[in-house]
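>>> sequence first, then the predicted structure, then my questions.
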Amino acid sequence: MTDTSDARKIGRRTVLAAAGGAAAALTVGAAAPPKDPGGTRNAAAVCTLTTEMTQGPYYLDGALVRADLTEGKPGIPLKLALTVVDAACAPLPGALVELWHADALGEYSGFVGANGHQEPDDRTFLRGGVLTGSGGVARFTTIYPGWYRGRCVHIHVKVHTGVTVTPDGHFTGGSTVHTGQLFFDETVTAAVAKVSPYSTNTVPRTTLAQDSVYDDRGARSGLLTLTALGGSASSGYTGTLTLGVAD
């Protein structure tokens with residue numbers, strides 16, 4: 001079960017990515033970089049650019065708009081705060097951040113069985129989207145992803161603008177302005193892998209360094225900043241990242 005079969009890059013747009021809060025300056029096309037309050041460019045806070053990443057084969061249209069993606073799936077708690085900024089590094093409110101990822105045993109809803117673990121596949125676990133607030137932040141409750149053959153632990157992400165939320169809680173329409181992936185520190189993943197139910201996943205685990213998609217550029221490539229919620233891996237983590245999007 002690998003999404004490297006879709007090796008084609010998605011479009012030619014670029015995104016900005018920096019861990020933590022929104023970065024302060026960027027030049028995109030003819031746009032002039034913002035200045036700091038003193039009127040001089042803050043060179044240390046320039047947004048970094050990265051290309052988009054493969055969507056992979058496990059995307060499903062029409063995800064629910066919801067902050068809690070778990071649907072009762074067991075796993076280590078993961079709280080995500082993803083900040084979306086525009087080409088001028090200003091927070092982008094009203095954008096829909098969509099996530100989808102594998103469960104602890106490496107299975108995606110809609111494709112259960114591809115990693116060898118059978119169960120009824122009429123659920124939408126670990127899929128959903130959240131509209132950013134006035135500060136450009138989308139917050140999610142989910143679980144730490146598991147792994148499947150050929151890929152390191154990751155979460156898929158899309159950012160959409162101009163969407164409509166339907167009466168039944170799905171989203172439709174709009175434009176996709178970013179397709180990428182979120183990645184995890186290998187030391188943290190190694191600790192998570194020792195905890196049940198992750199420890200029952202018998203598929204050989206591809207490390208971050210071995211992955212064919214992650215290009216080892218840290219936050220520029222979607223590497224989350226992780227903070228432990230307690231004294232052990234089972235307590236869970238928070239993950240933060242700033243995603244800047246540009247057409």
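Noted; the coordinates are in hand.

>>> please name the residues that touch the nearest residue to Ala67 once chain neighbours are set aside.
Nearest residue to Ala67, sequence neighbours excluded (Cβ to Cβ, 6 or more residues apart in numbering): Val130, at 5.3 Å. In this view, the C-beta of every residue, glycine as well, is placed from N, C-alpha and C. Residues counted as contacts of Val130 (Cβ atoms under 8 Å, 6 or more residues apart in numbering) are Val65, Arg66, Ala67, Leu96, Val97, Ala138, Arg139, Phe140.

>>> name the element Val130 belongs to?
Under the assignment given by DSSP states H and E, the secondary-structure element containing Val130 is strand 127-131.

>>> ok now that strand, how far from the chain's centre?
11 Å (Cα atoms, centre = their mean, to the nearest Å).

>>> can you name the next helix or strand after it?
strand 137-143.

>>> by contact count, what packs against that following strand?
strand 77-85, strand 96-100, strand 127-131 (3 or more Cβ pairs under 8 Å, 6 or more residues apart in numbering; DSSP states H and E).

>>> and the contacts of that strand?
Under the contact criterion Cβ under 8 Å, 6+ apart, strand 137-143 has outside partners 67-70, 73-84, 91, 95-97, 99, 101, 103-104, 126, 128, 130-132, 155.

>>> could you check the angle strand 127-131 makes with that strand?
Calculated by axes from the mean of the first three to the mean of the last three Cα atoms, to 10 degrees, strand 137-143 forms an angle of 160 degrees with strand 127-131.

>>> the helices and strands packed on strand 137-143: which one's closest to Leu241?
With distances scored as Cβ to Cβ, the stretch of these nearest to Leu241 is strand 77-85 (5.6 Å).

>>> buried residues, the closest one. List them.
Within strand 77-85, the residues that count as buried by 16 or more other Cβ atoms under 10 Å are Pro77, Leu78, Lys79, Leu80, Ala81, Leu82, Thr83, Val84, Val85.
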